[in-house]
Structures are given as structure tokens and as C-alpha cells.
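Trainee: With the sequence up front, the predicted model follows.
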Amino acid sequence: MTLSGRWMGLAIRPVHDGRRQGDETGRFAAAAILLPLMVLSASGHARAAERSLPAGVEQVYRAETSRIRGFDPVRVGDVTSIHAISKVYETLLQYAYLDRPYRVEPLLAEALPDVSPDGLEYLFRIRRGIFFQDDPCFAGGRGRELTADDFVYSIKRVADQKNASGGYWAFRGRIVGLDAFREASASVAPTDYDSPVEGLKATDRYCLRIRLTRPYSQLPFVLAMHYAAAVPREAVEYYGADFINHPVGTGPFILKSWRRNYRMEYVRNPKWRETGRQDAYPSSGEAADATFGLLADAGRPVPFIDRIVEYVISDGSTQWLMFLAGELDVSGVSPDNWDAVFTADGRLNEALAKRGVRVHAMPQLNTYYVGFNMDDPVVGGNRALRQALTCAFDAEQWVRFHRGRVVRAVGPIPPGVSGYDPAATGAFPFDLERARERLQEAGYPGGRDPSTGRRLELTLELGAADASTRETAELLGAFFDRIGVALRPSYNNRPAFFSKLEQRRAQMFLLNWVADYPDPQNFLQLFYSPNASPGPNRTNYRDPEYDRLYEAAETLPNGPERLELCRTMVRMVMEDCPWIFLHHPVSYGLSHRRISNYKPHDFPYGMIKYVRVDERPAPVPQGGLRGPDSGD
């Protein structure tokens, strides 16, 4: 579990739960260190961007994916599923592709919203002439035009308790009347989606008004998340419980086929051409983007790709061989392949460079952790036990295990986000003597349970079973074994893993949180008690004082007062240890020379529309190339 899942279509081996002002120095310094890797391919990007395929030649993009939970925007929150959803569904706003620092820009909205002076009212005007794809759910099978009512309906779906959406944390207590709608939805009667919500209204066919309960400057970020994607009511009612398997969106691609746990194929949405929809490649970005050929397509209509084929490949060796054979356009870099990709001084292997392979590297807004279920009778109510296990975590060995491709986490907030403290060392750094003292205080002297005389055994739930995941579990087990505690790994596929988390049946689990938006609140909400599972507070952590500080910080603008509240909350969770804070990764990916217009992005959902395939691809395998976990 060492690769990032935010590359557009790259291998997604870790189990992600989600998707950053302040001290940006660490982030930019890390990016500067990685610049030589990027420079290796600068001229290649420029040349590739100048090429185009002959007329009539299909652009096919081939990549690896992981098992997904489905295509219902309100019901999924893992990175793999969000990547799938964002090809088909769209939101009011999106992140600008090339710009850094990150900013949101209009997507289905005509422009950024008009905001009232008190910060409580947002007025969005919806783009005219945007249509849903053709689908049997519509009258005559013809997709209809998008309207403001679609956003009212879609946000209500997030609030509807019958949908058990993990995304309601982003809306809870925010929009006037929405919590009341949510409470009413708990009834056994069908939810009344025609029931008005005062703060969520379509004032006309193309105008959406959102009224907040209090100022919330993160609202534009929230409206760029997949939870707020426009979903047609007709599709939900037509497909019923099976809607999760039948995406019907306005996006650049439609799902053509889905062989579960094996292969997914998307094709261009023909509705765009039919209705004359014109979305363009960006015309501006960072200063270096032109050097890398990233502005050669400025202003041209997107998407460029005609077809996307993704394979579920759980075996890293199979994935790597497919990339080398040209059967995948992109690849992550696993620990097993590190020496085959990079030289001792960190440069791209000469043989790969001669083949035109390019390397992309990016420090990530992403925190890995081991979570303790606070509802569990053994670990949840025993803070000294959690502190002992945290002290047993050998950070230096962990970094060596990851070959220096990670930064030790000393709290939930990653570098580059307000609230991160680069001078912090953690409340419970590696210290075996202190770990043994805390273990005795916890009631388990020497790791033994006095009531049974046996070693304390704890269960760690994992969302994969590949070699990297097993090695990670073994290392964690070795850390705990030093203080006499046994760790039993429990391997699951992704859906089963998340099911255990949502039902609060996991004692301990290995997970990471990828920022949904660049703000500390997105990480601190992982400990806010109203967000307990099935929400993003997977540990079910509860502290009334923490909740009070969190709610106070939410209403404040960015500044010293808010920063101090954030750091206070970080200190609280570091003392309580609902997590063992592991690391923040640096992500590496590879692409073949035929791929151009690619720029690493922390929020890449839907960005595949900007990527171009410039050379005739190798034949796409239609069957027979299956990984070991490719069965249903």
C-alpha cells in the first residue's frame, strides 16, 4: 500500500478514504527537489503536444484501476470510485487544471457565484444547453437539459438518510433547512423530494440560490466534490436500487461496459457533439507549463480521448509487465520496481528514458494512518494502550521501508496546509521504554492480558491483499511485537473493508485520507463526532471540547485566530491517539511518450478530459489478461 491513487487512471493500490495557506514552504521545497525528474521529459512533452493523430484514428487511453463500489455519487467516497464517477458526472465548479495554488473555476455554472456581503447567500447561474446523456430513463430515451432543480435534488440525496451517504459531513449544519429535511427522511415512508428546503432553491430554470446558516468559506470547495454532482431524478427513480450501476451524467464520457472486478470501458459522450457543447483546454497556467508543452492545446475543445479502457489488476508484476509491453499507458512505481525505474542518484533508468517513458513526481496532500475504533471495547476506551502502540511505531524504519518516498506524519495535517507545524515531533514519538510503561498502565504488562495470561492480540483490517500490503502489515506487526503485543492482519477486498468500517466492526485499520479540498478543516473534520462512521470519522472519535473548537473554527476566516484553533485541535488528537500517524507520501508515476497534456494534480477528478494520446496505441487486450483477483 505505497502508491497514490490520484494519478489520472494510474494504479491505485492504497485504500483511500477521501481526497490544503499557512506554511507552504515545505510543499514547494519538495516540488523543487523533484524538478530534475520532470525536466528529463520537458522536450518530449513539447514534441508530443505538437502531434496529433491522423483523422479517423481513435485515441485510446489504457490504465489500471481497482475494484469500485459503484457510480452513485452520494454513496461512495473512496478515490477509485470517485475517479470513475468523475468521468461521467459533473459539478457546478471544478479545480483549474494547470493553476497553482489551486483554485476553483466554473464547470456547470456560468461563472463563480455571487456572494452576499454577509457571506450567507450564494447565487449560481447554470450553463444553458448542457444535456444529460441519452438513457432509457428519459422520455423517448433522449437526455434532457440540465436545470437548477437537478442540483437541489442531488444535494437532497446526500441529506437523505435512506442513502446512508458518507458525504453529509460536508453539508451538515450548513444550509438552512437541510438538516430538517434529513431528519424527516429517517421516516419509513418514502422521502419527499418535493418538500421545500428554505436554503436550497431553484429560483428559476437556470438559477440556484443557497442560503447558509453561518459563513462557510469552504462551500465552493464542497461544491466541486463528487457528492454535489448533478444527478437526474429520472435515473434514480427508473433504476431504483440498481442506480449505483447505471451512471447517467453530463460528463465528457459515458460508461460503455463494466465487467466487474476486471475491465471498465468509457467512450466519448456523443451528447456533447450532438448539442454543440464546447469545453476548452485551459489557456493559462504556471510559468513553466509552456516549457513542458502543456499550453500547446490552449483553447482547443476537449475531450481529446475517444475511449478509456481500465483493468482491475491486483498483481503488481502483471501491471508492470503490461506497462512495459505498452498495454497500459501509465503506471505507478511500486517498491518492487523502484530499482528498475530509477538509478542510485534518482534519475530515470536509461533504458526507460530511451523508450520515451516519462516520470511524474508530486508531494501529496494525503495522510496515512492506523485507526483505532473508539467503539471497540479493547482499544477504544484505553488511551494508554493507544499511546503505547503509538510509541512502538518506529518512524525511521518506516521511512526506510518506503525508501525515503514518504514524510513522517506528526499529526493529521500534511505539509502545505495551514495548521501543519514543521517543527512538531509528535506527542508520542518512537520510544520502546515509554511504550512498555504505557502498556503496563493500560493493564497489559509485557503485552500480557492478566485475565487470560496470554499475549494481547489485536486485529488490523486491510483493504487489499497484495504483496506490498502484506509487507506493510508484517512491519507493523514487528513493531508491536517488540512490546509483546500480537497483531493479526485481516485481508479484505475494498468493498468488504469499507463495509466493516461503516458498520464499526473494525478494531484497527490501515487507511489514508486524500484531501477533498485545500483547507485544514478537511482533515480536522475526521475527528468531529457528528461525522462518525459511515461518515469520514472512521474511528468514531468523540470529544465535546474538540467539537466546540471545530465548530468555532468553521465560522472564522483564514487568519491567526483560526490557525491557533486548528493547532489546538491537532494537539488534542495527538494526545488522545485515535490514530497512529504514519506518513505523507510523495507520489511517482510513469507514462509512455504518446501521452501528453498530463500534469500531476491533487484533485484530478474529471481531468482526464485534458489528456491527449498522440501516437497510435498498441492493441487493447479484449480478454485473457486477467489478474489473480479478477473474478466476481
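Mentor: Yep, that arrived.
Trainee: what helices or strands is the longest strand along the chain leaning on?
Mentor: When the chain is scanned for its longest strand (criterion: DSSP state E), the result is strand 579-591. For strand 579-591, the helices and strands in contact under the criterion 3 or more CB pairs under 8 Å, 6 or more residues apart in numbering; DSSP states H and E are strand 330-332, strand 358-363, strand 366-372, helix 383-391, helix 395-401, strand 406-408. All C-beta spots, glycine's among them, are computed from the backbone N, C-alpha and C.
Trainee: Of those, which is nearest residue 478?
Mentor: Counting by CB to CB, residue 478 lies closest to helix 395-401 out of the helices and strands packed on strand 579-591; the figure is 8.8 Å.
Trainee: Now stretch 415-428: buried residues?
Mentor: If you call a residue buried by 16 or more other CB atoms under 10 Å, then stretch 415-428 has these buried ones: 415, 416, 417, 418, 419, 420, 421, 426, 427, 428.
Trainee: for stretch 181-190, same thing?
Mentor: With the criterion 16+ other CB under 10 Å, stretch 181-190 contains buried residues 181, 182, 185.
Trainee: Tell me the one of these nearest residue 275?
Mentor: Using CB to CB, the shortest approach to residue 275 within those belongs to residue 181, at 32.6 Å.
Trainee: Looking at residue 40 now. What's its pLDDT?
Mentor: At residue 40 the predicted local confidence, pLDDT, stands at 37.
Trainee: Walk me through the domains of this structure.
Mentor: 93-239, 366-549+578-585 (automatic domain parsing).
Trainee: What average pLDDT does stretch 93-107 get?
Mentor: Per-region confidence: stretch 93-107 scores 93 on mean pLDDT.
Trainee: How about that stretch, which residues are buried there?
Mentor: Along stretch 93-107, these residues count as buried under the neighbour rule (16+ other CB under 10 Å): 93, 94, 95, 96, 97, 98, 102, 104, 105, 107.
Trainee: Quick one: end-to-end distance for it.
Mentor: According to CA to CA, to the nearest Å, stretch 93-107 extends 5 Å from its N-terminal end residue to its C-terminal end residue.
Trainee: oh, and call the first residue 40 from now on, that's how I've got it
Mentor: Done: numbering now begins at 40, and the last item shifts to stretch 132-146.
Trainee: Show me what the longest helix seen in the chain is in contact with.
Mentor: Under DSSP state H, the helix in the chain containing the largest number of residues is helix 599-615. Helix 599-615 is contacted from outside by 61, 422, 425, 449-452, 457-458, 460, 465-467, 559-560, 563, 566, 580, 582, 584-585, 588-589, 591-592, 595, 618, 620, using CB atoms under 8 Å, 6 or more residues apart in numbering.
Trainee: List buried residues within the residues you listed.
Mentor: 61, 422, 425, 449-452, 457-458, 460, 465-467, 559-560, 563, 566, 580, 582, 585, 588-589, 592, 618, 620.
Trainee: Can you pick out the ones from the residues you listed that are in strands?
Mentor: Members of the buried ones among the contacts of helix 599-615 lying in strands (criterion: DSSP E): 618, 620.
Trainee: Near residue 156, how many other residues are there?
Mentor: Around residue 156 there are 6 other residues, counting by other CB atoms under 10 Å.
Trainee: and residue 448, how many neighbours?
Mentor: A total of 26 residues lie near residue 448 under the criterion other CB under 10 Å.
Trainee: do the same with residue 326
Mentor: As a burial measure, the neighbour count of residue 326 was computed by other CB under 10 Å and equals 6.
Trainee: does it count as helix, strand or coil?
Mentor: coil (DSSP: H, G, I helix; E, B strand; the rest coil).
Trainee: And it, how far from residue 333?
Mentor: Per CB to CB, to the nearest Å, residue 326 is found 11 Å from residue 333.
Trainee: Repeat that for residue 547.
Mentor: Taking CB to CB as the measure, residue 547 falls 43 Å from residue 333.
Trainee: what's the answer for residue 596, then?
Mentor: When distance is defined by CB to CB, residue 596 is 33 Å away from residue 333.
Trainee: ok, the two, which is more surrounded?
Mentor: A side-by-side neighbour count of residue 596 and residue 333, using other CB under 10 Å, places residue 333 first with 24 against 9.
Trainee: where does the more buried one fall, phi/psi-wise?
Mentor: Residue 333 adopts backbone torsions of phi -80, psi 0, taken as degrees, to the nearest 10.
Trainee: any idea of the pLDDT on it?
Mentor: In this model, residue 333 carries a pLDDT of 95.
Trainee: Surely it and residue 137 touch.
Mentor: Yes - at 6.1 Å, residue 333 counts as touching residue 137 under the criterion of CB atoms under 8 Å.
Trainee: what residues do these two have in common as contacts?
Mentor: In contact with both residue 333 and residue 137: 324, 638, using CB under 8 Å, 6+ apart.
Trainee: for the stretch 40-189 of the chain, what are the low-confidence residue spans?
Mentor: Scanning the stretch 40-189 of the chain for pLDDT under 70 picks out 40-95.
Trainee: quick one, helices of it?
Mentor: For the stretch 40-189 of the chain, the helices defined by DSSP state H, counting those that start in this stretch cover 64-78, 81-89, 118-127, 187-198.
Trainee: Which other helices and strands does the host helix or strand of residue 551 contact?
Mentor: Assigned by DSSP states H and E, residue 551 belongs to strand 547-553. Contact here means 3+ CB pairs under 8 Å, 6+ apart; on that basis strand 547-553 packs against strand 405-411, strand 496-501, helix 506-520, helix 533-541.
Trainee: how far is that strand from where the chain is centred?
Mentor: Here strand 547-553 is found 12 Å from its chain centre; the criterion is CA atoms, centre = their mean, to the nearest Å.
Trainee: what is the orientation angle of that strand with strand 618-630?
Mentor: With axes from the mean of the first three to the mean of the last three CA atoms, to 10 degrees as the criterion, the two stretches strand 547-553 and strand 618-630 enclose an angle of 50 degrees.
Trainee: Once you drop chain neighbours, what's closest to residue 574?
Mentor: Closest residue to residue 574 apart from its sequence neighbours, by CB to CB, 6 or more residues apart in numbering: residue 208 at 4.8 Å.
Trainee: State the distance from residue 157 to residue 597.
Mentor: For residue 157, the distance to residue 597 equals 18 Å [CB to CB].
Trainee: right, I mislabeled it, should have said residue 519
Mentor: Computed as CB to CB, the residue 519 to residue 597 distance reads 39 Å.
Trainee: So between these two, which is more surrounded?
Mentor: Counting neighbours by other CB under 10 Å for residue 519 and for residue 597 shows that residue 519 has the greater number, 21 against 13.
Trainee: Distance check, that one against residue 617.
Mentor: The value you get for residue 519 to residue 617, if CB to CB is used, is 17 Å.
Trainee: just residue 591 next, same as before
Mentor: Residue 591 sits 21 Å away from residue 617, taking CB to CB as the criterion.
Trainee: and what of residue 597?
Mentor: In this structure, residue 597 lies at 26 Å from residue 617, with CB to CB as the measure.
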